[in-house]
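J.: 3D, please:
(chains A, B, C, D, E, F, G and H)
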Amino acid sequence: MRIRNLFAVVMMAGIYSLLSAGLFTIMDAVDVAFTEAAVGAGISTVLFLGALALVGHHERKPGHTPLLPLIVVLVTGGALVYGTMDMPPYGDPGNPVHHHVADHYLEESPHEIGIPNIVTAVLASYRGYDTMGETTVVFTAAVAVMLLLARRPRRPEEEEDEA
Amino acid sequence: MSEHYVILLVLVPLLASPLCIFSRNARAAWGFAVLACLTSLYLVFQVWAEVMATGPITYHIGDWAPPVGIEYRVDAVNAWVLLIVAVIGSVVAPYARVSVEREVEAGRIPLFYAAFLLCFTGLLGITVTGDVFNVFVFLEVSSLSAYGLIALGQDRRALTSAFRYLIMGSVGATFIVIGIGLMYVMTGSLNMADLAQLLPQVWDTRTIKVAYGFLAVGVFLKLALFPLHLWLPNAYTFAPSAVTAFIAATATKVAVYMLLRFFFTVFGAPFSFDVMRLDMVLLPLALVAIVTMSLVAIFQVNVKRLLAYSSVAQIGYMILGISFASVTGLTAALLHLFNHALMKGALFMCMGCVMYRIGSVHIDAMAGLGKRMPLTMAAFVVAGLSLVGVPLTVGFISKWYLILGALERGWWPVAILVLITSLMALVYVWRVVEVAYFQEFPHDEDTQEAPWALLIPMWALVLANVWFGIDARTTVASAEQAAQTLMGGAP
Amino acid sequence: MTALLDGVSWLFILGGAFFTLTGALGILRLPDVFTRMHAAGMTDTVGAGLLLVGLCFQAGDVFIVFRLLLIVALLWFTSPIATHALAKAALHGEMDPDLAGLSDPSRGGEPSTS
Amino acid sequence: MREQVIVRVGAKVLVPFIILFGLYVHFHGDYSPGGGFQAGVILAAAFVLYGLVYGLDAVQRVLPPAFVQACAALGVMVFAGVGVLTMFLGGNFLGYGVLAHDPEHGQHYGIIGVEAGVVITVFGVMVSIFYLFAGRGRRSG
Amino acid sequence: MGRTIGLWILLFALWLALSGHYTPLFLAFGVGTCSVAVYVAVRMEILDRESAPFHLSWGVVTYLPWLAWEVLKSNVQVARIILSPSLPINPSMVHFKGSQKTDLGRFIYANSITLTPGTITTGIDDDDFEVHALISDAVDGSEENEMNRKVTALEGAGAGH
Amino acid sequence: MTLLSHYNYWVVILLMMVGFYTMISRGNLIKKMVGLNVFQTSVFMLYISMGKIRGGTAPILMDAHGESSETAHVLYSNPLPHVLILTAIVVGIATTAVGLALIVRIKETYGSIEEDEINQIEAEGAA
Amino acid sequence: MFAVAAGALLLAMGMAMIRALRGPTVYDRVLALNNLGTKTVLLIAVAGFLTHRPDFTDLALIYALINFIGTIAVLKYFEYGDLGAESPRTVATEDM
Amino acid sequence: MTPPALVLASLLIPALGTVFVLLLRKNPNAREAASLVTAGVLFGTVLRVYRAVMAGDRPAIVLAEPIPGIPIELEAEPLGVLFALIASFLWIVTTLYAIGYMRGHHEENQTRFYTFFAFAIASVMGVAFAGNLFTLFIFYEVLSLSTFPLVTHAGTEAAKRAGRIYLGVLFSTSIVFQLLAIIWTYAIAGTLDFTSGGILSGRAAAGVVPILLGLFVFGVGKAAVMPFHRWLPAAMVAPTPVSALLHAVAVVKAGVFSILKITVYIFGIDFLTQVGASVWLMWVAAATIILGSLVAFTKDNLKARLAYSTVSQLSYIVLGAMLANASGIIGGGMHIAMHAFGKITLFFCAGAIMVVAHKTEISQLKGLGRTMPVTFFAFFIGTLSIVGLPPAGGSWSKWFLGMGALEAGQVGLVAVLMLSSLLSLAYLMEIPLKGFFYAPDEAPHHEGVHEAPTPSLIAIVATAVACLILFVFPEPFYELMTLVVTP
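T.: Below you'll find the model as predicted:
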C-alpha cells in the first residue's frame, strides 16, 4: 500500500473485496459472496468515496516505515502460521468442524425448518439471535454516524459555538 | 414470564433504543433510557438472586438446544458482572440528563441516549451469552456505540481518541474472531459449555495454543492491559462526563469478564495455568501496569486523565488477582470489578459535576471547590479514599483479598507492591483534594453546588462505596461463589 | 441433439472467452485510458454476451436461461452508460485523449500518479 | 449529473428494476442465496443511484431522512418484536415454532418476519449513512 | 396512469420469470414488490416516456438484432487491432450531429455508439455528439449514419403512439 | 504433508498480515481503514476456507422444495462459517462507516488526516 | 468446457488486475475495476455451471447491478468531488 | 443501658456531639456548652463501662461484618478501658481549655474545630474498644483522617505541608506495614480477634514472628518509633488544644495502645518471650528514647521540644510492650496514663504562654514565671511527672518499666531509662527555671501580661493536680493493667 493516491488505495481495496467475493463463490459460500459483493463493491466503495470527497484523496507525505509494526505483524503472522500447522487439512470432509454442529444443520434443518437454503435457516432461526445482534450492530453504526455527522438543527443563535 | 428474564434484560434496553430515535425529544429519550436501565436492573437483580439461590440458569434462544442454537447461560460469574453493568447503567442514566444537556448539542441528545442504551445492551449481551461468537457480535454493538459516544466530547481530541479506540478496538475484536475461528476449526462448536468439553481432547495442538494467544491479545486490547492501554487515557479524558463515568465503570469490566470466561470456563483453569502458564504472563504485566500507570497518574494535570491512568493501574489489580490462579485471587479480582466500578463511576461523575459548573477538569480548576461545591468534593474525597483503599470503603475490601491472595501464594513482595501503589493512589487523589480544599476559589462569586439531578446519582454511588465497604458480606459471597465457579471448571 | 447443443455452446463459450481475453489484452496494451475503454467494451458486450448465451445452452432450465439473458441485457444496458460516464469524467478531469496514436504511453498519467 | 442525458435516462430506467431485484432477493432468501441484508443493501443502492444522478435534495424529497432513520430503528423493533411475540405465544425468544400449528410453518413465518426486520434496518441504515456522508460536504459548498 | 400500469405489469412479469415459486404467498409478495417499485418510481417522478418507453417496443425488437450484429462486427475489427503486433490504432475525437429529437433517442443512439467497440460517446450537447474513435475512419463511415437513421426511425415510430 | 494441505491458509494469512500492517503502520487514517478492511476480509476468507469441503457444494439443498430424500448423496459445505461471516461482514461495514465518519470529523476539525500532523497540531496547541 | 472458460476469465482478470495496479491514472483503475467486475460476473456464472449449481446466477445479476452503481459513484465523485451534489463543483480538479 | 450498649454509646456520644456542635454553630456559647456536656456524658459512660469491666464483664457488640469472618466488633477489655478513661476525662479538661484558648487566640473556623475534635474522640473510643485487629485498624485510620483537618486548621502553606507529612507518614506506615501485617496475620491465624494469650502463638513460624512484629511496630506510625516520627513534630502547627489532647494523649496514645494490645492479644507475651522476637525492637525503642531526648535539647521552640519529648516518651511504652513480660506491660500501660496527664499539662502551659504572652520560643521565656506563676508552677509539676520523680504519677510507670527490663535480663535498658530520665529532666526543667529565676530581657514587653483565661487556667490546674493525685492513688490504672496481664 505504497500508493500515495488514496483514491487508488480505495479502488484497490474494492478490487480485493471483489476478488475475495469470487473466491467465496468458489468455496461454496454463495451467500457470503453475495454479501461481500454488495458490501465491498457497493456500499463500502460508496462510503469510502463519500469520505474521500470530504477529506480529499491525496496523502500528504510518504509513509515512513516504522519497525515496531513490522515486528508485530511478523510475530502475529508467524503465530498464525504456526497455529495452522496442526489444523486439519483443507477441505477434508472428516474434519471435526464439519461434524459436530454442521451435521445437525444439514440433516435436520429440512425437517425442522424446511427451507432449502441452509445458510438462511441457520442465519434466521438456529442462530437468529446472532442476526438480531447483527441488525443491532448496523443500527448502532447508523446511530454512531448520525451522532458524528448529523447537522445541527437549524437554530441560528447557536450557530457560533460549534468550534 | 420469569424464565424469560435473562433475555428480557438485554431486550429492554435494545428496544428502548429505537424508541429514543422515534421520540426525537431529549426529555422523552432520557425517560426511555432511565426506564429501560431500571427495568434491566430489576431483571438482572431477579436473575442474580435466582442464580445465587438455585445455581446456573440456561435459556435456549429460539428453542434450539445448544450447541445447535445460541444459549444464554448465567452462572455466578456473569450474574455478578451483569449486576455491575446494570447498577452503573441505572445510576449513570439519571445522571446523564443534566450533564448531557450541558455537554452535548440539543439536537443530538436523543441519539445520545440511543447510543447509550445500545452500549448498555451490548455490554449486557456480552455478559449473558453462552456462545463465543455471540460475544463478538455484542462486543461490536457496545464498541461501536462507545466510539460514537466518546467522539461527542467537546474537546476536539475526543475525535482522535475515539478513532484510536476504534482502530485498537477493531484489531482486538478481529483477533478475538481469529481466536474463535481457530477454536471452532478444531472442535466444530461455538457453545462455551460444549467447547469446554471438547477442548481438552485437542489441548496439545498448536492451533489451540495459537487460538488461546489470539483471544488473549484481543481481550487484552479491549481491557486496556498494559502495554495495550494506549487508547484508554485519551478516550476517557475527552469523552462527555456521563459517557466516561459509564464506560470507565463498565466496559473494561466486561472485558475482564470475557477474559475470565474464555480462560477459565472455555479453556479451563488447568489449561490456562498448567499448559499456557498464563499467570507468568499476567503477573509481570499487571505489576508493571500498576506501578507505571500509578506513577504516570501522579503527574497528570487533567483530573480526568489522571483518573484514566488510574483506571489502567486498577485494571492491573484485577489482572493481578487473576494471575494468582486461586479462589482468593479470583475473588479479589471479581470484587474489584464491582468495587472499582463503584468508585470510578463516582469519581468520574464528580468530574461531570465540576465540568458542569466550572467547565474544566484541569487540576487548577478545582481550586477552592471544597467550599464552593462541598457535596461534590466530599463525594470526590470519599470515592478517592475508596480508590486508595482506605478501610470502610469498598476499595479496602478488594485490596484485602488481593493481598490475602498474594500471601497465600507466598508472593509477599507482590503484597508489598500492592500496598505501596495504594500510597501512590493516595498521592494522586490527595493532590486534587488539596487543591480543592486549600486554595482560594478564583472565579466570580455565583458558582454554586452542582444541581441535585447530578448529585443524587453520584451520591448514590458514593454511599454504595461506603455501604459495601462496611458490609461486604453480599458482595464477597457473590464474588466468592463466582470465583469457585470459575476455578471449578465448566460452569 | 445434446451433441449439437454442446457443440454450439462450445462455440459460443470459446468465442466469449476469446473476446474477453482479447479485451483484457487490449486493456493492457493500448496506450491511454480512452483507447482502453474500447477494449474493455469488448468484454462487456461480445465477450459477456457470447459466454452467457453459450451457458444458456447448457442450463437446461428455463429459469436459468432467463436469468442469464437478463444478465446479458443488464450488461448491455449498463456498460455503455458506465463507459460513457467514465469517458466524460476523464475529459472533465482534464485528460487529453492521446490522439496521435502510439506517441507516449506515460503521458496519460499526469493528474494522479502511483 | 442530472444534465447528463445518458446517465440520467439510464438511472431512470434502472431504478424500479433494482428495487424489484432487491425485494426479489429478499423474498427468495429461503431458496437461493440472499436474504435481508443483501436485499437491504440493494434497495439502498437503488436510492443511492438516484441520489448520485439526481442529487441529494431530490432523493431526500422522495425519501426524507427522518423516514430512513425511522426505518433503521423500526427494523430492529420488528426483529425483536417477532421474538417477543413468540415469547407471548409460549415459546422462547425467537422460537418461531409456536407461530403456527405446524412448527415448520411457524419457522417460515418467523423467518419471514425477522428477515423483514433485517431488510428494513439495513435499508434505513445504508441510506441514512449515504445521506450523512453526501450531505456533509455541502455545507462548505 | 397507463404507463404506471404498464410498468407494473412489466415488473410483475419479470417477477414471475425470476421467482419460480408460484404459491399464493409468493405471488402476494410479487404483487407487493411491484407495487412498491412502481410507487417509488412515481414518487421519484421518473415514470415518463423516457423510463418506460413502451411505445418503442416494436421498434426495439427489430433494432436490437441489427445492433447486435453491428457490435459483433466491430468487435472482430477491434480484436484484430489489439492482436496485431503493431497495434495499428489512430485515435481521434469526432463531433457530429445526431438527428434525434428526444433525450431518449439520443440516449439510445449514444449507447449504441458506445456499445460498438471502436467508438465511444464522450459527450452529448443537445444534438451534438462527441465521439472518441479508436480508428479515425470508423466514425465517418456509413454505418454511423445508418445507425443514426435507424435510431431516429425507431424514435419516430414510437412517437406515433 | 501438511505443507500442501495448508497452503491456502498461508496465503490468507499473508493477505491478512498485509492488511494488518497497513493498518498499524500507516499514518494516514484512510489507509488505516483500508488496512482494517483488508485485514477483516482476509479473516473472512480464513473462516470460509475452514467451512469448505472438497467436492462439496453450496449448502442450498438441491431439491428446491425441501422434501429431499437424497440429501445424503450430496456433500454440502459447512454452512455455519458462512453464517458467522455474514454477520462479520456486516459488523465490518458498520465499523468502516463509523471510522470514516470519524475521519471526516477529524479532517473538519484538524484539517488533516495524517496522524503525525494531527499529533503535531495537538502538541502546538498544548504548548 | 466450463473450466476453459473459467481459466480464460481468470487470465483476463489477471490482466485487468495488472492494469488496475499499474494505473497510471485513476481512470485506468476505474476502468480496470469496472472490467474486473464484469469478469467476476461472468466467472460467477461459469462457476455455477462448473459446480453443477447453475441456480446461483442471481448472484451474478445483482453483482452486475452493484458494479454499475459503484462505477457511477466513482465517476460522480471524480466529476463533482461530492456524492450529493447536483452541479459540478467549480474547483473540480485542484486536489486530484 | 446494658454494658454492650454502653460500649456502643461511648462511640456514639461524641459522634452525636459533632451533630450538636454543627447544629449550634450559630451560637458559640451553646456550641461550646454542647461540647462540654458531651464530654461529661462520655466520661460518665466510660466510667460505667469501667465498673462493668472491673466486675469481670467483657461487653462486646458487633457493628457490621465487612468481610465475612472479620466483623467490626467493639469489646471492652481492661487495656481499652484504661485508654478510654484517660481520653474521655482529658477531653473534658481540654474542652474547657480550648474555650479559653480558641477565643483568646481568635481562631477562625471554630465550628469545624469542635466538630472534628469530637469526631476524633469518637474514633479514639473506637480504637480503645476495638474488638479485633481489623476494627482497630479501621478506627486507627479514621482517627488519622479526622485529625487531618485539625492539623491543617490554620490553612497556611506551612500547615498544608505539615498536613501532607502527617497524613503521608501515618497512611504509608499503616497501609504498607500495618495492613500487610494484619492480612498476613489473618492468613496465618484465620482470625483477627483479640484473644488472651494471643492468636499467633503456636501458629506462626519462629522466623516470621520478628518480622511480623516489626511490621506492626513500624506500621503503627502513631507510636512515632524512629524513623517514622517525623509527623509528630510536624503536627505541632495545629492549635495547642489539638496538640495537647491529640498529640500528647489521644492520637499518639492510640498508637502505643495498639502496640500494647497487639503484643498482648495477638502475639501473646509468653509466646514472644519464648521466641525472643521482640529483642531487636527493644533496642529500636531504646534508640528512639535517647535520640528523641537529644533532639528535644536542640529545639528552642517550646512546642517542638515538647513534641520530641513525646517521641521519646512514647518509646517507653513501646519498650514496655517489647519487654513482653508482666511488669513491662503494666509499666507501659500505666505510662500511657501518667505521660498523658503530664504531657497535657505541659502543652496547656505552652498554649497559655502563647495566647497570653505570644511567646513560642524557650529563649523568650525569661522571667515570665513572675507574671504567670500558676502556669509555670503547673509546668514544673508536669515536668516532674514526665521525668518520673516523686511526688508525681510518672514515677510509678518508670518503676515498672525498670522492673520489666530487669526481669527480661536487659540491664542495658535500665541504663537507657536512667539516662533518658536525666536528659528529660534537663531539657524540661530549663523552662520553669527560665521563667522563675531569670530576669526578663525587655521589661516593658510584659506589660499587661497576666495569667491565662480562666477556663484554661482551670484546666491547667486540674491536670497538674491530677499528676500529683496519681502518685498517691494509681490503683485504678494499676488494677486494670493487672487484669490485662493476668487474664
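J.: now the residue sitting nearest the centre point of chain E, nearest residue through space, not along the chain?
T.: In chain E, the centroid-proximal residue (CA atoms, centre = their mean) is E:Ile108; its distance is 4.1 Å. Among residues not flanking E:Ile108 along the chain, E:Val151 sits closest, at 5.2 Å (CB to CB, 6 or more residues apart in numbering or on different chains). Every residue, glycine included, has its C-beta placed from N, CA and C.
J.: pLDDT (mean, whole number) over the helix or strand containing the one you found?
T.: Following DSSP states H and E, one finds E:Val151 within helix E:142-159. Taken as a whole, helix E:142-159 has a mean pLDDT of 69.
J.: Okay, helices next: where are they in chain E?
T.: With DSSP state H as the criterion, chain E has helices at E:2-19, E:24-43, E:57-83, E:103-115, E:142-159.
J.: In contact with the residue nearest to E:Ile108, which residues are there?
T.: By CB atoms under 8 Å, 6 or more residues apart in numbering or on different chains, E:Val151 lies in contact with E:63, E:98, E:100, E:105, E:108-109, E:112.
J.: now the chain, which segments are flagged as low pLDDT?
T.: Just so you know, I chose chain A. For chain A, applying pLDDT under 70 flags the ranges A:1-4, A:59-65, A:152-163.
J.: hm, I was asking about chain G
T.: In chain G, residues with pLDDT under 70: G:84-96.
J.: State the distance from the residue nearest the centre of it to chain E.
T.: Nearest to the mean C-alpha position of chain G, by CA atoms, centre = their mean, lies G:Asn34 at 2.5 Å. Distance of G:Asn34 to chain E, computed by CB to the nearest CB, to the nearest Å: 13 Å.
J.: What segments of the stretch 51-200 of chain B are helices?
T.: Using DSSP state H, counting those that start in this stretch, the helices of the stretch 51-200 of chain B run over B:76-103, B:109-128, B:132-150, B:157-187, B:192-198.
J.: among those, which is nearest H:Val53?
T.: Comparing those against H:Val53 with CB to CB, the closest turns out to be helix B:76-103 (43.9 Å).
J.: Give me the distance from the closest one to the chain's centre.
T.: Relative to the chain's own centre, helix B:76-103 is displaced by 10 Å; criterion: CA atoms, centre = their mean, to the nearest Å.
J.: which of the residues in it are buried?
T.: B:76-103 (16 or more other CB atoms under 10 Å in any protein chain shown).
J.: what angle separates it from helix B:132-150?
T.: Interaxial angle of helix B:76-103 relative to helix B:132-150 (axes from the mean of the first three to the mean of the last three CA atoms, to 10 degrees): 20 degrees.
J.: Mind telling me which residue of chain B is nearest chain C?
T.: In chain B, the residue that lies nearest chain C is B:Ile167 (25.6 Å; CB to the nearest CB).
J.: Spatially nearest residue to that residue (excluding sequence neighbours)?
T.: F:Lys32 (5.9 Å).
J.: if I look at H:Leu136, how far off is B:Ala235?
T.: Separation of H:Leu136 from B:Ala235 (CB to CB, to the nearest Å): 42 Å.
J.: Any idea what whichever residue of the stretch 351-491 of chain B sits closest to chain F is bridged to?
T.: Closest to chain F within the stretch 351-491 of chain B is B:His362: 12.0 Å, counting by CB to the nearest CB. Residues in a beta bridge with B:His362, per DSSP bridges, are B:Asn302.
J.: I figured G:Leu59 was touching A:Glu36, is that so?
T.: No: between G:Leu59 and A:Glu36 there is no contact under CB atoms under 8 Å: 10.6 Å.
J.: For the helix or strand where B:Trp430 lies, name the packing helices and strands.
T.: Using DSSP H and E, B:Trp430 sits in helix B:412-438. In terms of contacts (3 or more CB pairs under 8 Å, 6 or more residues apart in numbering or on different chains; DSSP states H and E), helix B:412-438 is packed against helix B:278-298, helix B:303-323, helix B:369-372, helix B:374-388, helix B:394-409, helix H:157-172, helix H:180-189.
J.: Between the ones you listed, which one is closest to chain A.
T.: Of all these, it is helix B:278-298 that lies closest to chain A, at 14.1 Å by CB to the nearest CB.
J.: quick check, that closest one touching chain A?
T.: No: Helix B:278-298 stays clear of chain A (CB under 8 Å from any CB of the partner chain), getting no nearer than 14.1 Å.
J.: Can you give me the neighbour number for the residue of the stretch 101-250 of chain B found nearest chain D?
T.: Nearest residue of the stretch 101-250 of chain B to chain D, counting by CB to the nearest CB: B:Ala114, 7.9 Å away. By other CB atoms under 10 Å in any protein chain shown, the residues close to B:Ala114 number 32.
J.: now do B:Arg409
T.: Counted with other CB under 10 Å, B:Arg409 comes out at 18.
J.: so it makes contact with B:Gly321?
T.: No: with contact defined as CB under 8 Å, B:Arg409 does not count as touching B:Gly321 (11.0 Å).
J.: Right, I'll leave it there.
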